[in-house]
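Novice: next input, structure requested:
(chains A and B)
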Amino acid sequence: MQSLQKITSQFIPLRIENVDTDQIIPARFLKATTKEGFGKNLFRDWRYENDDETKPKADFVLNQKQYSGEILVAAKNFGCGSSREHAAWSILDYGFKVVVSSFFADIFKNNALNNGVLPVTVTDAFLQQIFAQGPEATLSIDLAAQTITIDATGASETFEINAYKKTCLLNGYDDIDYLLSMKDEIEAFEVKNK
Amino acid sequence: MGNTLFGKIWDKHVVKQIKDGPSVLYIDKHFIHEVTSPQAFSGIEKRGAKLFRPAQIVATADHNVPTENQHLPIADQLSRFQVDTLIDNCKKHGVTLYGLGHEHQGIVHVIGPELGITQPGMTIVCGDSHTSTHGAFGSVAFGIGTSEVEMVFASQCIMQTKPKAMRINIEGTLNKGVVSKDIILYIIAKISASGATGYFVEYAGSAIRALSMEARMTICNMSIEMGARGGLIAPDQTTFDYIQGRMFAPKGADWDQQLAAWKNLYSDADAQFDMEINIDAADIEPMITYGTNPGMGLSVTSTLPTMESFTDATEKQNFEKALNYMGLKAGQSLLGMPIQNVFIGSCTNSRIEDFRLVASIIKGKQKDPSVKTLIVPGSQEVAKQIKKEGLDKIFEAAGIEIRQAGCSACLGMNEDKIPAGEYCVSTSNRNFEGRQGAGARTMLVSPLTAAAALLTGKITDIRTLLN
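Specialist: Residues are numbered from 1 along each chain as shown, chains lettered A, B, ... in the order given. The predicted model follows:
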């Protein structure tokens, strides 16, 4: 897993609530047996007319040239629905390192963290301030300090992340290494609970 | 202070609590399927690690399988490769697989309970958000991502932050024509598609107690649709009677011992919940969804919200977006609206009782000729039982074909898709844009309301067809 410390980037605003994982990556793309290459199908049915890559929908933000960056900003309840980790893989593969929303669905949040994508939960008011910025505006996220800042205005908020996950992300550690190191304790637990 | 049922099971499975971090939670049973497991198998191989407890894993092929001609090789090349990968992985790593053609094959959340694998007090995970279904047995069961599947492969544990506890009490008797699917659609409409995010929900009250195990599974199944990590119901005599005698149920002295332990699985009288909701069963009517998330539901006789009822600009915009996708107007009624498709199936409603309900309505009648149907049993066992009870004859006489077991049109991964722009009255669990096929318009209902639509070709209040 890639480590993540600080990032300053333009952002892509997705002003849609309850973005479910079927929109992030439709089920027909889940037939793959590897984690790579999902980015080109991210938000596939919102991005293209009739599933045709030569016909991008002009009104969808990913197709609007003025918007770019490594940060996706979405309205509340982002990532609800299916547990498919393919959603996190698509977001990462497309080039996002951070997703900002006022509310995340649980499973998506875990999946993102397990792939080095940082979910940043902000207040509704702060989210509206971000949405009010133009396409050139940048956001700065400092994981160690747990802050997100709108660079143009200097407005800033702190965000929550548990200390363990923060350490993992700052250093690029993953949970599986940790769990593999716990084998003796797990075996002892099994014996005790037989 | 007493503990909640959820808390009791969770606490008993904590191997280690990380300071300011998640719990290392021990997992008793791990179900896997073809779609969310291949990357976890390759991950574990890349690390040079082995599966820690392969005997605690059960695999099936359900999401990406055809529901016709299952005896033939899968036509779609990518699908065939994915299903073959599961077969290879299970063989290589010593995992029990109930694959295509096996008598125990079926939707993972149908076969687990059916075989007696799902038992009270267990922790159960699967790379599928509807794993909450197993909570109907008084287990802590929830969906996980593929990285977490790999964690369980590696250590039989996952890292998880303990959710808060919510209890939803439903007291009283259900109205005529109202079944468990209506209860859960009512709850989700009431608290919204994100109303239980961060919580583990216990369903309680006399209306829940009165339900069969299959009806309870339908409720726990859709816990995720309000954002909950999972849902569960305290086990009782109904639970024990269901489990006893099933293939993997404890037997003899072991049964007596387990049963004694299961009887302690309830929330203590003084247990504290972080949130509690009370519902009067009499308030629940047959339900239907009109929008593009499961929280956008109402009773079948109601009218859609009006534009004026929204004060928040983003919410109004989202409502408009949903109506636009669904081809509906604010304030309109749904009754009498023509529909083109009916899907009866999915891990929510594809068990034998669901087919009995549908058969009770369509018996001796013909389906409306304009309606296309996808009727898909949840497992080989359910399909066998349909035949045994002669329900297949009722469906056949009504002009309806019964398919072979799988997830089918619930998620539109195989060829069972709803054409763009058409309405599908569906017993499944998600009405997201494109869920049943690009452009498909899904309306979630109970098996009874689906049966009514089958007969009339329209959205119909099932109560008008009941005597």
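
Novice: which pLDDT does the model give the residue in chain A positioned nearest to chain B?
Specialist: For chain A, the residue positioned closest to chain B under Cβ to the nearest Cβ is A:Tyr164, at a distance of 2.7 Å. Heads up, the C-betas are built off the backbone N, CA and C, glycines and all. A:Tyr164 carries a pLDDT score of 93 in this model.

Novice: now do A:Asn63
Specialist: A:Asn63 carries a pLDDT score of 98 in this model.

Novice: with the one 10 residues further on instead?
Specialist: Predicted confidence (pLDDT) at A:Val73: the value is 98.

Novice: can you give the strand pairings for the helix or strand containing it, parallel or anti for each?
Specialist: Applying DSSP states H and E as the criterion places A:Val73 in strand A:71-74. Neighbouring strands of strand A:71-74 in its sheet, by DSSP bridges, are strand A:6-14 (parallel), strand A:98-101 (parallel).

Novice: following element in sequence after that strand, please.
Specialist: Next helix or strand after strand A:71-74 toward the C-terminus (DSSP H and E): helix A:86-94.

Novice: looking at the strands paired with strand A:71-74, which is buried most?
Specialist: Most buried of the strands paired with strand A:71-74, by mean neighbour count (mean count of other Cβ atoms under 10 Å in any protein chain shown): strand A:98-101, with a mean of 24.

Novice: what's the helix or strand following that strand in contact with?
Specialist: From strand A:98-101 onward toward the C-terminus, using DSSP H and E, the following helix or strand is helix A:106-113. The set of residues that contact helix A:106-113 without belonging to it, under Cβ atoms under 8 Å, 6 or more residues apart in numbering or on different chains, is A:21, A:78-80, A:83, A:85, A:87-88, A:91, A:99, A:104, A:118-119, A:165, A:168-169, B:129, B:143-148, B:160, B:163, B:197-198, B:224, B:227, B:229.

Novice: mind checking how far helix A:106-113 is from the chain centre?
Specialist: 8 Å (Cα atoms, centre = their mean, to the nearest Å).

Novice: can I get the CA coordinates of it in CSV?
Specialist: These are the backbone C-alpha positions of helix A:106-113, laid out as CSV (Å, rounded to 0.1, in the frame of the first residue of the first chain):
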residue,chain,number,x,y,z
ASP,A,106,-19.0,2.1,6.5
ILE,A,107,-17.9,-0.6,4.2
PHE,A,108,-16.6,1.8,1.6
LYS,A,109,-14.7,3.8,4.2
ASN,A,110,-12.9,0.6,5.3
ASN,A,111,-12.2,-0.5,1.7
ALA,A,112,-10.8,2.9,0.9
LEU,A,113,-8.5,2.9,3.9
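
Novice: partners of the next helix or strand after it, with directions?
Specialist: Secondary structure here is assigned by DSSP H and E; on that basis, the next helix or strand after helix A:106-113 toward the C-terminus is strand A:118-121. Counting by DSSP bridges, the strands paired with strand A:118-121 are strand A:98-101 (parallel).

Novice: any idea which helix or strand in chain B has the lowest mean pLDDT?
Specialist: The helix or strand with the lowest mean pLDDT-type score in chain B, counting by mean pLDDT, DSSP states H and E, is helix B:313-326 (a mean of 93).

Novice: quick one: buried residues of it?
Specialist: Within helix B:313-326, the residues scored as buried using 16 or more other Cβ atoms under 10 Å in any protein chain shown are B:314, B:316, B:318-319, B:322-323, B:325-326.

Novice: now these in JSON lines, with distance to B:Gln17?
Specialist: JSON lines is the format used below for the buried residues of helix B:313-326 (distance: Cβ to Cβ, whole Å):
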{"residue": "B:Thr314", "distance to B:Gln17": "38"}
{"residue": "B:Lys316", "distance to B:Gln17": "44"}
{"residue": "B:Asn318", "distance to B:Gln17": "39"}
{"residue": "B:Phe319", "distance to B:Gln17": "43"}
{"residue": "B:Ala322", "distance to B:Gln17": "42"}
{"residue": "B:Leu323", "distance to B:Gln17": "47"}
{"residue": "B:Tyr325", "distance to B:Gln17": "44"}
{"residue": "B:Met326", "distance to B:Gln17": "46"}
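
Novice: near chain A, which of these show up?
Specialist: When contact is defined as Cβ under 8 Å from any Cβ of the partner chain, these meet chain A at B:314, B:318.

Novice: distance from the strand holding A:Val73 to the middle of the chain?
Specialist: For strand A:71-74, the distance from its own C-alpha centre to the chain's C-alpha centre is 8 Å (Cα atoms, centre = their mean).
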